[in-house]
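Sequence and computational prediction follow.
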Amino acid sequence: MPNKDKSKNIIELENVVVYLNDRMVLDDINMAIPYGCVTAVIGPNGAGKTTLLRSILGIIKPSSGKISVFGKSPEHLGKDRNRIAYVPQIRSVDMTFPIRAKEAVMMGRYPTLGLFSKPSKEDYKIVEEVMEQVDITSIADKPLSKLSGGQVQRVFIARALAANPELLFLDEPTNGVDQLHSSNFYELLKILKKENMTIIIVSHDVGVIANYVDAVACINKKLFLHSVPKAINGQVLSEMYGCDAVIFNHGEIPHMVVCKDK
Amino acid sequence: MGIFEYAFMQRALIASIIIGVLCSVIGVYVVLRGMSFIGAGIAHASFGGVALGYLLNVNPLFSAIVFSGLTALCIGKIARRKVIKEDTAVGIFFSATMAFGVLCIGLLKGYNIDLMSYLFGSILAVSNEDIYLIAGVACVVLPCIFLFFKELKFVSFDPEVAEIMGLPVNWLYYCLLVLISLTIVASMKLVGIVLASALLITPAASAYQFAEDFKTMMIISVVLGLVSCIGGLILSYYLNTASGATIVMLSTTMFFISVLFSPKKNYIKRLIAMIKK
């Protein structure tokens, strides 16, 4: 894929420190994510995973350190924001808003359309295609308020895909989603990987997600590991979760972490 | 109808129609984004603007537009910077501008201003100049809504993702605040400052009970808003009541009926089921 950016990594973090309300949330993070890599960012609740995401996206400013996305600082992304798409946690979205699934998906086209333009036939075609891809064509006309968590999540994934992004972020995609849709999500991830997109998934679902990604970053205020999924072992998880962890193995990747009673 | 032979009623009717549409359209954003308190705050700021206008001897509606517009932008700026919470910012400005207005009125001893008609609205108070201003506001607000329709929709639904994906969220927010100010000031003569924000909320809230998508909500809101304004106007003539209050009572009654018959809540069905048992 030809690279017009000035950087060989799609995302770079250098000595990034983030404070929120006088509390240090991220401590000296150094990371480089190459183009086309599918990375899972894992860690316990409150570890700073979402803060990391928001810092990369430019919503939060780091107290010190440098972040670059597409070779630019997140605040200066400008038009390059059209190359990014974000799938939020479903609990942070207003499901009572009067909007139908296909309308929400069409919103993914708005940044490319620009102000003053209405969607064209081409845009409607793209929306149909992505809805097909995530299998929500049958619920396209339903309002969001009538959909389940898993269905809404697919709508948001479709919205993100409609933007035809090079960089895709998913924030806790299996949170609040029932089991059936959760496993469907991982199958969907397989399809997304083929699109040559760089994907970053924030998840607490340690073992399962690790099976589907190229790299894993373990975060709990600090970066404990940034490597291939196989590198996760009991020690890493103990350090990250801050306890003597009991690991349940399901194949090669630790499946569940439980803290031993002291 | 006989009453519309009177010039003042004709002006009031034109004002009703324009204001009915304006408030119902803007109201959809106010209701969905939880900005009703801001609407009330802006209305009180416009009181300060009116008083200032009389003091400076300019058209009070113009000074109201400038004053409440600036107040709205200040509230927006402070809220964005997270210096204090949005509703605190509104509360502070709300009372300060109102107090400022009262002080100005005090300085105007000897002038005869029809305060009551500014506060509560009056069918008789709408002049030809007012009609031009109200129509002018509509010519600014409605095209803006039309031009930025899809962006405002996205930003109202999911501001965080909209910002991430590159929409100018801040600009759109300030733009909306200015449009709200313009709408409130346009409604002032007919509905009055005290109740202007109610007209922003009630038709849209009623429409919400029935709508499954954004456009439908806006259309239903406009229909209900027009019915409230024109109906309220006619009623206030015959009942000899303040126009603003009558319009708002009619609008509120329609709200309660909407909730009762709302397909989203199904109260009627449940009631029938309960009775059958």
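Cool, the structure landed.

phi, psi of A:N9?
Recorded main-chain torsions at A:N9 are phi -110, psi 140, according to degrees, to the nearest 10.

Give the burial count for it, as a bare number.
Residues within reach of A:N9, counting by other CB atoms under 10 Å in any protein chain shown, total 18. Where C-beta positions appear, they are placed from N, C-alpha and C, glycine not excepted.

How about it, nearest residue that isn't a chain neighbour?
Counting by CB to CB, 6 or more residues apart in numbering or on different chains, A:A32 is the residue found nearest to A:N9 once chain neighbours are left out, at 4.4 Å.

Same question for A:R54.
A:I60 (4.5 Å).

a strand runs through the residue nearest to A:N9, doesn't it?
Yes - note on A:A32: a strand contains this position according to DSSP: H, G, I helix; E, B strand; the rest coil.

Do you know the pLDDT at it?
Among the per-residue scores, A:A32 shows a pLDDT of 90.

if I look at it, how far off is B:L52?
Using CB to CB, to the nearest Å, one obtains 58 Å as the distance from A:A32 to B:L52.

Looking at these two now, which is surrounded by more residues?
A side-by-side neighbour count of A:A32 and B:L52, using other CB under 10 Å, places B:L52 first with 20 against 15.

So is the helix or strand where the more buried one lies next to chain A?
Per DSSP states H and E, B:L52 falls inside helix B:36-56. No - for helix B:36-56, no contact with chain A is found by CB under 8 Å from any CB of the partner chain; the gap never falls below 15.5 Å.

so how far is that helix from its chain's centroid?
In terms of CA atoms, centre = their mean, to the nearest Å, the centre of helix B:36-56 is found 13 Å from the chain centre.

export that helix as PDB, just CAs?
Extracted in PDB, the C-alpha atoms of helix B:36-56 (Å, rounded to 0.1, in the frame of the first residue of the first chain):
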ATOM      1  CA  SER B  36     -33.700  22.900  27.700                       C
ATOM      2  CA  PHE B  37     -32.000  24.700  30.500                       C
ATOM      3  CA  ILE B  38     -29.800  26.500  28.000                       C
ATOM      4  CA  GLY B  39     -32.900  27.600  26.200                       C
ATOM      5  CA  ALA B  40     -34.400  29.000  29.400                       C
ATOM      6  CA  GLY B  41     -31.100  30.700  30.200                       C
ATOM      7  CA  ILE B  42     -30.900  32.300  26.800                       C
ATOM      8  CA  ALA B  43     -34.500  33.600  27.200                       C
ATOM      9  CA  HIS B  44     -33.600  35.300  30.400                       C
ATOM     10  CA  ALA B  45     -30.500  36.800  28.900                       C
ATOM     11  CA  SER B  46     -32.600  38.300  26.200                       C
ATOM     12  CA  PHE B  47     -34.500  40.200  28.900                       C
ATOM     13  CA  GLY B  48     -31.200  41.900  29.700                       C
ATOM     14  CA  GLY B  49     -30.800  42.600  26.000                       C
ATOM     15  CA  VAL B  50     -34.200  44.200  25.700                       C
ATOM     16  CA  ALA B  51     -33.600  46.400  28.800                       C
ATOM     17  CA  LEU B  52     -30.200  47.400  27.400                       C
ATOM     18  CA  GLY B  53     -31.800  48.300  24.100                       C
ATOM     19  CA  TYR B  54     -34.200  50.700  25.800                       C
ATOM     20  CA  LEU B  55     -31.400  52.200  27.800                       C
ATOM     21  CA  LEU B  56     -29.300  52.800  24.700                       C
END
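
which residues touch whatever helix or strand comes next after that helix?
The helix or strand immediately downstream of helix B:36-56 is helix B:60-80, counting by DSSP H and E. Contact partners of helix B:60-80, identified using CB atoms under 8 Å, 6 or more residues apart in numbering or on different chains, comprise B:38, B:41-43, B:45-54, B:56, B:84-86, B:89-90, B:93, B:97, B:118, B:130, B:133, B:137, B:170, B:173-174, B:177-178, B:180-182, B:184-185, B:188-189.

Okay, angle between helix B:60-80 and helix B:36-56 too, please.
With axes from the mean of the first three to the mean of the last three CA atoms, to 10 degrees applied, the angle from helix B:60-80 to helix B:36-56 works out at 140 degrees.
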